[in-house]
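Engineer: Sequence and predicted model, in that order:
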Amino acid sequence: MDNRTRILDAYAEHLREHGHPPATVYRFAKGLDLDERAFFQEFPSLDAVESALWQSLVDRVAAAVTSGAEWEGFTARQRLLTFLFAFSEESLAWRSLLLSRVAPVAVVARPPHLKGLETGFKAFIRPVLDHGLATGEIAERGQASALYPEAFYLHFRAVLDFLLKDGSAGFERTDAYIEKSVTLAFDLLRTQAIDSAVDFARFLLSRP
């Protein structure tokens with residue numbers, strides 16, 4: 001196993017066991033029988049290690065859904081739904097880490113240790129949005145269209161926030177949140193915003 005993989009695996013295990021990052025690079029590397037030089041040849045900081053962990057999670061889910069035979073026939077809305085449902089399912093194996101490292105962070109915040117989450121998601125969503133623009137599913141709005149990846153990243157973070165607070169059986173409310181919020185998002189990018197907004201508001205106000 002190469003040093004980069006060893007570092008990533010050991011960092012994830014440390015987070016799971018302790019709920020917080022290692023105190024110093026020196027102590028972390030020593031535990032792997034590495035010197036600091038070997039660590040810094042792979043990563044510039046401990047935050048960068050964690051960022052790479054989150055990006056690898058997003059990248060794995062994206063690779064899994066885009067490799068399906070049905071992917072090419074999906075609309076942009078279906079592609080985003082497929083990713084979010086798959087990410088929600090995969091997140092069960094990472095839930096303790098998500099609760100300790102993502103849940104306390106505000107949706108709009110940009111801490112260095114979560115940079116990979118943003119990088120990975122935006123790499124996934126850009127071709128999805130391009131597909132929607134090409135097919136007319138998403139309206140072209142000039143310079144405003146450049147803001148779409150950012151808007152959908154904030155939506156992704158909102159989905160994660162909802163998921164991590166969801167106490168329903170089988171996280172069924174998260175499934176409903178994903179469905180309704182994605183429908184609203186794509187209606188907003190077209191013209192059918194009012195009915196979707198009312199339906200989504202009713203869902204958010206309903207009791208579990």
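Structural biologist: Happy to help now that I have it. Residues are numbered from 1 along each chain as shown.

Engineer: Kindly state the domain boundaries assigned to the protein.
Structural biologist: Listed by automatic domain parsing, the domain ranges of the chain are 3-40, 69-205.

Engineer: Which of the ones you listed has the lowest mean pLDDT?
Structural biologist: Note on the domains of the chain: lowest mean pLDDT is at domain 69-205, with a mean of 90.

Engineer: end to end, how far does that domain reach?
Structural biologist: 38 Å (CA to CA, to the nearest Å).

Engineer: Based on its surroundings, how many neighbours for Arg126?
Structural biologist: Per other CB atoms under 10 Å, the neighbour tally for Arg126 reads 13. C-beta: built from backbone N, CA, C; applies to glycine.

Engineer: quick one, what contacts it?
Structural biologist: Residues near Arg126 by CB atoms under 8 Å, 6 or more residues apart in numbering: Pro149.

Engineer: Let me know the helix or strand that it is in.
Structural biologist: Assigned by DSSP states H and E, Arg126 belongs to helix 115-135.

Engineer: Go through that helix and flag the buried ones.
Structural biologist: 115-122, 124-125, 128-129, 131-133 (16 or more other CB atoms under 10 Å).

Engineer: Just the closest of those residues to Leu8, please.
Structural biologist: Gly116 (11.0 Å; CB to CB).

Engineer: My guess is the closest one contacts Val58. True?
Structural biologist: Yes - look at Gly116 against Val58 with CB atoms under 8 Å: they come within range, at 7.4 Å.

Engineer: Tell me how many other residues crowd the residue nearest to Gly31 when sequence neighbours are not counted.
Structural biologist: In space, and not counting its chain neighbours, Gly31 is closest to Ala10: 7.0 Å by CB to CB, 6 or more residues apart in numbering. Neighbourhood size, Ala10 [other CB under 10 Å]: 17.

Engineer: Please consider this matter closed, and thank you.
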